[in-house]
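Student: Sequence plus the predicted model coming up.
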Amino acid sequence: MNILEMYDVHTYIAGFHILEGVTLTAEHSKLTILLGRNGSGKTTTIKTIMGLTPASSGEILFQGKQIQRMRDFEIPWLGIAVVPEGRDVFSDLTVEENLLLAVRKGKKIKKQRLDYILDIFPPIKDLFKKKGKNLSGGEKQMVAVARALVNEDELLLIDEPTKGLAPIMVESMRLALAEIKKEATIILVEQNFEFASSIADHFFIMEHGKVACSGKIEDLVHDEAIQRRYLGV
Ligand SMILES: Nc1ncnc2c1ncn2[C@@H]1O[C@H](COP(=O)(O)OP(=O)(O)O)[C@@H](O)[C@H]1O
Ligand SMILES: [Mg+2]
């Protein structure tokens, strides 16, 4: 079953035609990866799903229902969380406040859910009272992903979580995503092919605002010609 489907989606930003007919699907409970060189339209695809750069035409379906005309503030309520590119943790708020701000219903994080989040990112426990601006890049990225977990959403869109991270942090992010994957569907934008191939089930490679090729990740791992052509691996 597909949790998300996009058909021939076009998006304009400031008059520029950025997405030129994106068609892709993400299967429920799987990890789908969006690959492609810089500027190929990966972030815009994520933003278009979230209604931040709305589609001008085409269809986006979440659990079979059209969402392409919904507003950006309505979409999270469907059960979709996003970790935007650039881990924008609020710098003057503590880690705890950053997490609480993400809560949609009520004013606190359920105990059980907090335990789950701390299980996935144990270092967060000791960072609770620290302000965003005093976190390292790796810690900020952890908080950014943790924040997307507080509402128990079914679909997580995560944009380049390993960008600029030290290898040891990349590895802990990989372990965290492998754990999160057990209970949520993930669409991941990732430039690090080795990282991507170690956790993904399916891939879509974007080029010039379109999907250039797609398939099972095993097939891509064995296809060096495609890796060279689209990814520069
Ligand atoms: N606000 C904007 N104004 C004009 N062009 C933009 C804007 N945002 C993105 N673009 C262009 O859209 C294209 C796709 O960008 P993006 O989706 O961020 O790519 P990726 O995430 O794959 O690197 C790029 O050519 C980028 O320059
Ligand atoms: Mg991007």
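Tutor: Arrived safely, thanks for sending. Ligands and ions are numbered 1, 2, ... in the order given.
Student: Show the contacting residues for residue 13.
Tutor: For residue 13, the residues meeting the contact criterion (CB atoms under 8 Å, 6 or more residues apart in numbering) are 44, 53. (Each C-beta comes from the backbone N, C-alpha and C, glycine too.)
Student: Which stretches in this protein count as helices?
Tutor: Counting by DSSP state H, residue ranges of the helices within the chain are 42-49, 95-101, 111-120, 137-147, 167-180, 193-199, 217-221, 224-226.
Student: Can you name the residues in contact with the fifth one?
Tutor: What it means is helix 167-180. Where contact means CB under 8 Å, 6+ apart, the residues beyond helix 167-180 that reach it are 31, 119-121, 137-138, 141-142, 145, 149, 156, 158, 161-162, 165, 186, 188, 192, 195, 198-199.
Student: So residue 88 sits against residue 144, correct?
Tutor: Yes: under the contact definition of CB atoms under 8 Å, residue 88 touches residue 144, with a separation of 7.3 Å.
Student: In terms of neighbours, single out the busier of those two.
Tutor: Using other CB atoms under 10 Å, the more surrounded residue of residue 88 and residue 144 is residue 144, with 23 against 11.
Student: I'd like to know which of the contacts of helix 167-180 are buried.
Tutor: Buried residues within the contacts of helix 167-180, defined by neighbour count using 16 or more other CB atoms under 10 Å: 31, 120-121, 138, 141-142, 145, 149, 156, 158, 161-162, 165, 186, 188, 192, 195, 199.
Student: Give me the below-cutoff pLDDT ranges for this structure.
Tutor: Along the chain, the model assigns pLDDT under 70 to residues 233.
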